[in-house]
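Visitor: Quick one: sequence and predicted model below, then my questions.
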Amino acid sequence: MTFKLPDLPYAYGALQPYMSAETLQFHHDKHHQAYVDNGNKLIVGSGLEGKSIEDICKAAFAGKNAGLVNNIGQHYNHIHFWRWMKSGGGGNKLPGTLQKLVDDIGGFDKVRADFINAGVTQFGSGWCWLALRDGKLEVMKTPNGENPLMHGAKPILGCDVWEHSYYIDYRNARPKYLEAWFDNLVNWEYVEEMMG
Amino acid sequence: MPSLDRRAFFKTASAASAIAVVTVASAPRVLAQATTQAPEGPFKLAPLPYTPAALEPHIDAMTMEIHHGKHHVAYVNNLNNALKDYAELAKLPLEDILAKIAEVPEAVRTALRNNGGGHANHTMFWSIMGPAGGPGPDGELKAAIDRDFGGIDKLQETFNTAGTKVFGSGWVFVTVDKAGKLALATKPNQDTPLMEGARVLIGNDVWEHAYYLKYQNKRADYLKAWWNVVDWKAVSGRYAAAKAGTLKI
């Protein structure tokens, strides 16, 4: 079984003005494609062929297989990243099950602030997350291609803070990107789907 | 932050290949004045030793302005902030702080590692570049490159390959010891061989911010083009200083 690049679930221009068509073209067609291609090469002979992508993420991290952690990790991260965004997303109306988890750790404004801060303080390339651990919500950050699966948690929302995700549109202003992303692009229905 | 103007542009742009050209042409001039400096602290951002456009077409002016005036200055400011309550540490030269990074107080260790490393790396980076068309390596430096890498072509090939393999943000370096021996090194984020007490002859920044506006995902093309703007006279100076034991950052 080889991994394949999924189509974007919307047009390249669908997330403007918060994320440009150009950014999505490079990010999806070039960066994500490279992770898929490299991941497919690196999986051969790793002993992990045929396993689910979630299991590969966990096993590669446990086995310190940096190539697979990064490339299969990034494939997993991007599969969901595209779906964690939608045109007309954001807002603070959360699905009920999620609202309760958010309230348990301080409420929407605190979770928003903590999530953005995690993204701002992830030094260099990486991701910030909302993840479930033992039924509780947790804000996390991870470097490069890592994700919460590798750290014993289940990601339900992630934002890519590699510079390629925002440099064309926001230059060095990562906080502005994170705020715009959280407030205008998050697809909370897909976050709820990830909780299932 | 020019995002509104840029968004207006993106609405009308259709060809992805036009991005680099147009973004450079529309560089907001205000960025050139953005080298704001925190009022206090031992470390300062030096001006670029050439104009931001001096490395065109290999590195575009807008990239240089943001890289120096936004990214580098942030490292300097954050470094000074981290040292605010550590007067003894603040008296040390940067290379000494970095060499003992494992021993500095834990409360500021990550800040000093990231921002001290960032200041050292970028200070070195600006100093070894200059307008394209200068002479290549010669004399003792050329002999060392021939001896330790098998020639300048081989050095570039080895260095570029290593640079493409750094996953995510980081640097690729050539280190030099007091005997003049050269070696390749790569580091993540803003780490530097200075953190092992070693000395850096040259280094190239492979954070995406160093090349994304012009090269986007094509890091290999950036690595190849970068050699055009290496100032070998400056590198020779660093080589001689390393052998004399006077090379700092």
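Guide: Perfect, I can see it now. Numbering: from 1, shown residues only, chains lettered A, B, ... in the order given.
Visitor: Domain map for the chain?
Guide: You didn't pick a chain, so chain A it is. Annotated domains of chain A cover A:21-83, A:96-195 [automatic domain parsing].
Visitor: Actually, chain B is the one I wanted.
Guide: According to automatic domain parsing, the ranges for chain B are B:6-127, B:139-244.
Visitor: can I get the ones you listed in JSON lines with mean pLDDT, distance to chain A and mean neighbour count?
Guide: (Each C-beta comes from the backbone N, C-alpha and C, glycine too.) Shown next, in JSON lines, are those (pLDDT from 0 to 100; distance: least, C-beta to the nearest C-beta, whole Å; neighbours: other C-beta atoms under 10 Å in any protein chain shown):
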{"stretch": "domain B:6-127", "mean pLDDT": "81", "distance to chain A": "4", "mean neighbour count": "17"}
{"stretch": "domain B:139-244", "mean pLDDT": "98", "distance to chain A": "4", "mean neighbour count": "19"}
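Visitor: now the strands: where do they sit in chain B?
Guide: Applying DSSP state E to chain B gives strands spanning B:170-176, B:182-188, B:199-205.
Visitor: Tabulate the domains of chain B (TSV), appending distance to A:Gly50.
Guide: Conversion of the domains of chain B to TSV gives the following (distance: least, C-beta to C-beta, whole Å):
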stretch	distance to A:Gly50
domain B:6-127	36
domain B:139-244	25
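Visitor: Please spell out the segments of chain A that come in under the pLDDT threshold.
Guide: Chain A contains residues with pLDDT under 70 at A:1.
Visitor: Adding mean neighbour count, write the domains of chain A out as CSV.
Guide: CSV is the format used below for those (neighbours: other C-beta atoms under 10 Å in any protein chain shown):
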stretch, mean neighbour count
domain A:21-83, 19
domain A:96-195, 19
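Visitor: what would the ones you listed look like in TSV with distance to chain B?
Guide: TSV is the format used below for the domains of chain A (distance: least, C-beta to the nearest C-beta, whole Å):
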stretch	distance to chain B
domain A:21-83	4
domain A:96-195	4
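Visitor: Including distance to B:Asp60, could those domains go into CSV?
Guide: Shown next, in CSV, are these (distance: least, C-beta to C-beta, whole Å):
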stretch, distance to B:Asp60
domain A:21-83, 16
domain A:96-195, 13
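Visitor: Figure out which of these is closest to B:Asp221.
Guide: domain A:21-83 (12.5 Å; C-beta to C-beta).
Visitor: can you give me the end-to-end distance of that closest one?
Guide: 16 Å (C-alpha to C-alpha, to the nearest Å).
Visitor: Also stretch B:131-149?
Guide: Taking C-alpha to C-alpha as the criterion, the two ends of stretch B:131-149 lie 25 Å apart.
Visitor: Identify all contacting residues around that stretch.
Guide: For stretch B:131-149, contacts defined as C-beta atoms under 8 Å, 6 or more residues apart in numbering or on different chains pick out B:50, B:54-55, B:58, B:151-152, B:155, B:158, B:176, B:180-184, B:228-229, B:231-233, B:235-236, B:239-240, B:243.
Visitor: So which residues of the chain form helices?
Guide: As the question left the chain open, I've gone with chain A. For chain A, applying DSSP state H gives helices covering A:21-24, A:33-43, A:53-62, A:66-83, A:96-104, A:108-121, A:167-170, A:174-184, A:188-195.
Visitor: could you do chain B instead?
Guide: Under DSSP H, chain B gives helices at B:3-12, B:19-25, B:61-66, B:73-83, B:87-90, B:94-99, B:106-111, B:117-127, B:139-149, B:152-165, B:212-215, B:219-226, B:232-244.
Visitor: Pipe the ones you listed into TSV and attach distance to A:Ala173 per row.
Guide: Output for those, formatted as TSV (distance: least, C-beta to C-beta, whole Å):
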stretch	distance to A:Ala173
helix B:3-12	7
helix B:19-25	15
helix B:61-66	10
helix B:73-83	11
helix B:87-90	29
helix B:94-99	27
helix B:106-111	20
helix B:117-127	17
helix B:139-149	39
helix B:152-165	26
helix B:212-215	14
helix B:219-226	22
helix B:232-244	32
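Visitor: So which of those helices is nearest A:His164?
Guide: helix B:212-215 (6.2 Å).
Visitor: which outside residues touch the closest one?
Guide: So helix B:212-215 is in contact with A:163-164, A:167-168, B:20, B:23-24, B:59-60, B:62-63, B:66, B:221-222, B:225, going by C-beta under 8 Å, 6+ apart.
Visitor: again, only this time at 7 Å
Guide: Here helix B:212-215 makes contact (C-beta atoms under 7 Å, 6 or more residues apart in numbering or on different chains) with A:Glu163, A:His164, A:Tyr167, B:Ala20, B:Thr23, B:Asp60, B:Met62, B:Thr63, B:Asp221, B:Tyr222.
Visitor: CA atoms only for that helix - export them in PDB, please.
Guide: Extracted in PDB, the C-alpha atoms of helix B:212-215 (Å, rounded to 0.1, in the frame of the first residue of the first chain):
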ATOM      1  CA  TYR B 212      10.800  31.200   0.800                       C
ATOM      2  CA  LEU B 213       9.800  34.500  -0.900                       C
ATOM      3  CA  LYS B 214      12.100  33.800  -3.900                       C
ATOM      4  CA  TYR B 215      12.600  30.000  -3.900                       C
END
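Visitor: any idea how far A:Pro175 is from the most centrally placed residue in chain A?
Guide: Centroid-nearest residue in chain A: A:Gly158, 3.4 Å away (criterion: C-alpha atoms, centre = their mean). From A:Gly158 across to A:Pro175, the span is 17 Å (C-beta to C-beta, to the nearest Å).
Visitor: Equivalent analysis for A:Met85, please.
Guide: From A:Met85 to A:Pro175 the distance is 18 Å (C-beta to C-beta).
Visitor: Same question for A:Leu94.
Guide: The value you get for A:Leu94 to A:Pro175, if C-beta to C-beta is used, is 23 Å.
Visitor: Check A:Asp134 too.
Guide: Counting by C-beta to C-beta - A:Asp134 and A:Pro175 are separated by 31 Å.
Visitor: try A:Met194
Guide: Distance from A:Met194 to A:Pro175, by C-beta to C-beta: 25 Å.
Visitor: same check, this time on A:Lys30
Guide: Counting by C-beta to C-beta - A:Lys30 and A:Pro175 are separated by 25 Å.
Visitor: list the contacts for the nearest residue to A:Asp55 once chain neighbours are set aside?
Guide: Distances taken as C-beta to C-beta, 6 or more residues apart in numbering or on different chains place A:Leu48 nearest to A:Asp55, at 7.5 Å, with adjacent residues excluded. Going by C-beta under 7 Å, 6+ apart, A:Leu48 touches A:Ile56, A:Ala59, A:Ala60.
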